[in-house]
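Engineer: I would like the atomic coordinates for the input below:
(chains A, B and C)
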Amino acid sequence: MSIDLSQFIPSFLEESFEGLELMESSLLNLEQGDDEAINSIFRAAHSIKGGAGTFGFNDVTVFTHLVETLLDEMRDGRRSIEQNDVEILLGSVDCMRLLIEAIRDETDCDTTKIEENTKLLEKTLAIEESSAKTEGDSNAETSSSEPNQGISVWQIDFVPEHHLVQTGNDPLLIFSALAELGEIIVVAKTKELPLLNDIDPEELYLSWHITLTTESTEADIKEVFEWVEDECLLTITQEKAIIDTPQDDVTQQDEASTSNTTIPEQQDLAKSEIKSAKATDTTQSSDKAVQKPKAETVGSIRVGVDKVDSLINLVGELVITQSMLSELGTDFDISKIERLTSGLDQLLQNTKELQESVMRIRMLPISFAFNRFPRLVHDLSKKTGKDIELILKGEQTELDKTVMEQIGDPLVHLVRNAVDHGIETSEVRIANGKPAKGTITLDAYHQGGNIVIEINDDGGGINRQAVLNKAIEKGIVEAGTSLTDNQVFDLLFEPGFSTAIEVSDISGRGVGMDVVKRNIQSLGGRIQVQSEEGKGSTFKVNLPLTLAILDGQLVRVGTETYIIPLITIVESLQTQTELINRVSGDMVLYRLREDNVPVLPIYKLFNISADSEDVEHALLVVVEADGQKVGLMVDDLLAQQQVVIKSLADNYQQVEGISGATILGDGSVAMILDIPGIITAALKMAQQTHTTRNHQQAVGVIA
Amino acid sequence: MDIQELAAEIEVEGEYAMEGIDFISSGEQFLTFLLAKEQYGVEILCVEEIRSWEHPTKIPNAAGYIKGVINMRGNIVPIVDLRIKFNIGEPQYTDTTVVIVLTVKGDSKSRTIGFVVDAVSDVLNADEKEIKTAPSFGGFVPEHYVNGLVNVGEGVVTLLNVEALQTIEPHQ
Amino acid sequence: MTKILVVDDSNSIRDMVSFTLKSAGYQTVEAVNGKEGLDKAQTEAFDLVISDVNMPIMDGIELCGELRKLSNFKFTPILMLTTESSGDMKQRGKSAGATGWLVKPFNPEKLLATIKRVVR
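Structural biologist: Numbering: from 1, shown residues only, chains lettered A, B, ... in the order given. Take a look at the predicted model:
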C-alpha cells in the first residue's frame, strides 16, 4: 500500500506555524526556572522536528535538531537560561519559520540566515559540551545495513519472564515475525507449567526453543526480540552457514522459499514508495513552473468541538420546533393560536441561537492577532534602546476570522507608532518623574455588538500645538482655525501627515496613519484618539464583530426600505423649524448643538419619491463617518434588526451609496446604505456647487 | 413554473414524445418567448427558472431597464426588463408577465439575472445549419445581442446571446 | 474489526497515522493528549494503543502507566511513537508498561509492519 503523505502537509504546516508562535511567545516571557515554559517550547520544537522528519523535510529536521538539543539542555537544567541563548533561540525560530514558509510557498529558502544561525547554535552547544557528541545521528539504526552472509541455521532459546504478556507482548506474534525472516521450528517447553490450581491466568509459564533457518543476520533476529529483551532470557547461537548464497543469485533455496515470500513484497513496497516520492516531486516542480499563489489563501478554520456540539444541539432543537409546528399545521384551528404563537417564538429563539452559534464558528480569540506583539515590542525596544513592557489584556475576546486577518497590520502600525512616537527614552522619563520603563497596553473587549481594541501608551502624549503647526504647514488646515482637541488629534489621520520629525525606520515609510484609518473603516470600524500631554495616548479601535452581519436601523422612504448601519448612527430626531438654516441656495444645515449638520434627503440622493419633501418636521437620522456628520432625511423609522449582508456585485455590480443588500423577514430585498460613501459623494457635490464659501459648515477639517 | 413542468406541458411529436424532458435531438434547444409580437429565443441550458412578475426592490440611480433586485432563494438577483432595454412593446406588468431567470456559468463564478418578457412560448430545436446570421441592418435589438435567426413555420425566432444580455453597463 | 486508539498532539502525525491505519482496514479513535486518550480508554475497549511520548497535559509515558492500571488494558499492546531513539526514553516507556515503540520519522509501511507485530 502506498499512501500519499502530501495530503498531511498543510496540517503539518499549520501546526508548525502555531508551534513557532508558541515558541516565540514563551521565549519572550521566559524566566529562570520556569520549567513548564521550557517544556512547552521543547515540545513545540520536538513536534516540528518529528513532523518534518516524517514528511521528508530534511533541512527543517536538521536545523530543528540543533534547536532541540539546546532546549533539551535547558530543560534538564544542564544549561542555565541566558538572555544570549534566548536571543539565539528567537533567531532560530525565525529561521525555522523561513524554512517552513519556503515549504508552504514551494520556493527556495534564503540559506545565509539559516547557516549563520546554525553556526551560532553549534558554537553555543560546543561551549557547554565540547566532548559530548550530538545525539541522534549516531543512533541511527544500522542493523539492516550489515552485509548478507548467506543462509544459516540459528538456535534460539526464549525464556520469557512470567509477566511478559502484561506488557501487551504476545509470543505468538514474535514467532510470526521470526517466520517472516525464514523457516522456523518452534518447540514449547512446559516444565515450568504449574498445576492447574496454581495457575495465575495472567502469567506466562511457557518457554520456547526455536530453530530458524534464514539469510538474516543476528541483528535482524535480535530486532524481533527488541521489545522483550529485558523481560526474557534470550540466547541466540548460529549453528552453521548452510550455503553461501551470492547476493545476486535469484534462485531461491527450497527450504527458504515458503517463508521468504514476504521479501519481494517488501521490495515492492520500497519501490512504490520511491515512485510516489517521484510523483510528488514532479508535481511540485510543475507547480513551481506555473507560479502557484501562496497557499495562505486557502482558508480553513479549526473549530473547537464544543462549538460544533452546541451547533448540533441547536439544530436538534430546531428540528423539534419544526415538527411541533408542522404537526400544529396539519389540523389547525383558531383555538390553537396560542400554541402557534409560542411555537413561533420558540422558532425565533432557535434561529437566533443558531445564527449566533454559526457566527461563533468564525470567531477566534484575538490572541491570534495579539501574539505577534511581544516579539515586535521586544525587537523594537532593542532597536530604539527604550525600555518597554507590553501588557496584553482581553486576549480571549473573540472576533471574526476575516476581521482578525485584516486588523493585524493596522494594529502593528499603531503599536510601532506607540513605541516610536509614544514612549520616551528612559532618561526623559526619569527626568519627568516617570518610571524608567514605559508601558504599552493592548486591551480588547466587547461593547455592544462591537469589539473595541485599545492601544495605550504611558508616553509623552500628543503635542497638540506640534500637530496643529504641522497641519498648518502642510496646508491641511488654515492658520487661525479654532479646533477642539479631538479635531486636532483627528488630523493625525489626514493623508500626508506624520508627526515624526524625521521619517523613522520603525514606523515605516509611506504607510501613514491615514492608511490605518482607511483600513479600519473598510472593515466598518472607526478609530479615535485620546491623549494627555505628558501622560500618554490611547488609540481606540472600534470594529464590528463580523463582516457578515450588521446591526441595522430600517428606515422607509416612499415605498422603499433602506438599512442604515447602527454603528454609524449618532442620533435620530424630528427637525425643529428654528434650527433649520438654509445657506447658499438649496443647501440645508441643521443646528445640532454646536454642529451644523448638512441635511441629505434620501429621496433626492436616490432619485425616488418620498411621502414628504419638506425639511420642516422631517425625520433626520444623523450619521457620522470620517468625523463628518450628516442628517439623512427619511419618512419613517422602522425596526432595528440584525441583517445578513449580501453582495450586490455577485449578479450585478457595486452601486454608489449602497454597501450591499439583505433579505428582510418578508422575503423582500432591502438595500444597505454605505454611509461613508454617501457622505463622500455628498461632500463632493456640495464642494462642487458651493466651492469654498461654506467651509465653516464642515465639522472638523476635510481634505 | 419551472422548466421541467414547462417541458412536460409542451407537446412533443414523434419518437421523443415518451421521453419527457430528455428529448435529445441533434441540434441545440432554445426557450422562445415573446416581446410584443416578436419571437426570441435563448439557450435552454441557461434557463434557471421561469417565475411570475413580482415587484423588485429598486436599485438607486440604476438605468430604467433595470427594474431592481429580487430575492431568489437567498440570492440577490437583478431584474432587467427586455422590453425597455430593446424598446419593444409596452412595459406593462400584469399577472401574466413573466421573468425568465438566466444563469451563465463563468470560470470562477456564475451570474444570474432575471429578464422580464411578455410571455414564454415554446421550446425550439434548431440544428446549427438552421441558424442563419441576422441581416446587419438594425432593428431595435443591437447586433451584438443576436446570435442568429431560425425560421419556424411562417415566422422567425431571433436567438439572443445570453452572455451579452447579462452584461451590465456601468452606472452613468 | 481491530480498533486502535491513536494519541498524538500533532494533527498532521495523528492524521497520517489514523489515515494509514484506516486504509489498512483498522478502525481508529483519535485523542490529542494522554488525558483525552485515557478518557476514551475508560469508555471503550481497544485492541491497540499508539501514543506519542511528548504531549502537553499528560504525556505518553504517564498515559501508558495509567492505562495499565485499567483492568481491560492489562494485556493491550501499547506502542510509543518516539523521536528519542535513545535507550532512556525506551526504558521509561518499558517500565511504564509499553509493549514497544516506533521511532520517528517513520513511513506508513513501517507503521503497518510494526503493528503486525502486536495485533493478530
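
Engineer: is the residue sitting nearest the centre point of chain C bridged to anything, and to what?
Structural biologist: Centroid-nearest residue in chain C: C:Ile50, 1.3 Å away (criterion: CA atoms, centre = their mean). For C:Ile50, the beta-bridge partners are C:Val6, C:Leu79 (DSSP bridges).

Engineer: that one against C:Thr2, yeah?
Structural biologist: No: using CB atoms under 8 Å, C:Ile50 is not in contact with C:Thr2; the gap is 12.0 Å. The C-beta positions use only the backbone N, C-alpha and C, and glycine is treated the same way.

Engineer: the longest helix along chain C vs chain A: in contact?
Structural biologist: In chain C, with assignment by DSSP state H, the single longest helix is helix C:11-23. Yes: against chain A, helix C:11-23 shows contacts by CB under 8 Å from any CB of the partner chain at C:Asn11, C:Ser12, C:Ile13, C:Asp15, C:Met16, C:Phe19, C:Thr20, C:Ser23.

Engineer: got TSV for these, with pLDDT, distance to A:Ser176 and neighbour count too?
Structural biologist: Formatted as TSV, the residues of helix C:11-23 next to chain A follow (pLDDT from 0 to 100; distance: CB to CB, whole Å; neighbours: other CB atoms under 10 Å in any protein chain shown):
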residue	pLDDT	distance to A:Ser176	neighbour count
C:Asn11	86	33	20
C:Ser12	87	32	25
C:Ile13	89	27	26
C:Asp15	89	29	17
C:Met16	89	26	27
C:Phe19	89	25	17
C:Thr20	89	21	24
C:Ser23	86	22	13
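
Engineer: ok, so of the residues you listed, who is nearest chain A?
Structural biologist: Closest approach to chain A among the residues of helix C:11-23 next to chain A (CB to the nearest CB): C:Ser12, at 3.6 Å.

Engineer: once you drop chain neighbours, what's closest to B:Ala119?
Structural biologist: B:Leu34 (4.6 Å; CB to CB, 6 or more residues apart in numbering or on different chains).

Engineer: could you pull out the helices for chain B?
Structural biologist: Using DSSP H, helices in chain B cover B:3-9, B:82-85, B:162-166.

Engineer: return the member of these having the minimum mean pLDDT.
Structural biologist: When the helices of chain B are ranked by mean pLDDT, helix B:3-9 comes last with a mean of 58.

Engineer: looking at chain C, which helix or strand is least sure?
Structural biologist: helix C:87-95 (a mean of 77; mean pLDDT, DSSP states H and E).

Engineer: pull the number of nearby residues for whichever residue of the stretch 601-703 of chain A sits closest to chain B.
Structural biologist: Among all residues of the stretch 601-703 of chain A, A:Phe606 sits closest to chain B, at 3.6 Å; criterion: CB to the nearest CB. By the measure other CB atoms under 10 Å in any protein chain shown, the count of residues near A:Phe606 is 24.

Engineer: look at the most centrally placed residue in chain B and report its pLDDT.
Structural biologist: With distances taken as CA atoms, centre = their mean, B:Val42 lies nearest the centre of chain B, 4.9 Å away. B:Val42 is assigned 93 on the pLDDT scale.

Engineer: also the one 10 residues further on?
Structural biologist: Note for B:Ser52: predicted pLDDT of 91.

Engineer: for it, which non-adjacent residue is closest in space?
Structural biologist: B:Val98 (6.1 Å).

Engineer: tell me where chain B has strands.
Structural biologist: Ranges of strands in chain B, per DSSP state E, are B:28-35, B:38-43, B:47-52, B:66-72, B:75-81, B:98-105, B:110-117, B:119-126, B:146-152, B:155-160.

Engineer: give the contact list for whatever residue of chain B ends up closest to chain A.
Structural biologist: Chain A sits closest to B:Pro60 of chain B, with a gap of 3.6 Å, by CB to the nearest CB. Residues in contact with B:Pro60 (CB atoms under 8 Å, 6 or more residues apart in numbering or on different chains) are A:Leu605, A:Phe606, A:Asn607, A:Ile608, A:Val655, A:Glu656, A:Gly657, A:Ile658, A:Met671.

Engineer: from A:Val599, how far out is it?
Structural biologist: Relative to A:Val599, B:Pro60 is positioned 18 Å away (CB to CB, to the nearest Å).
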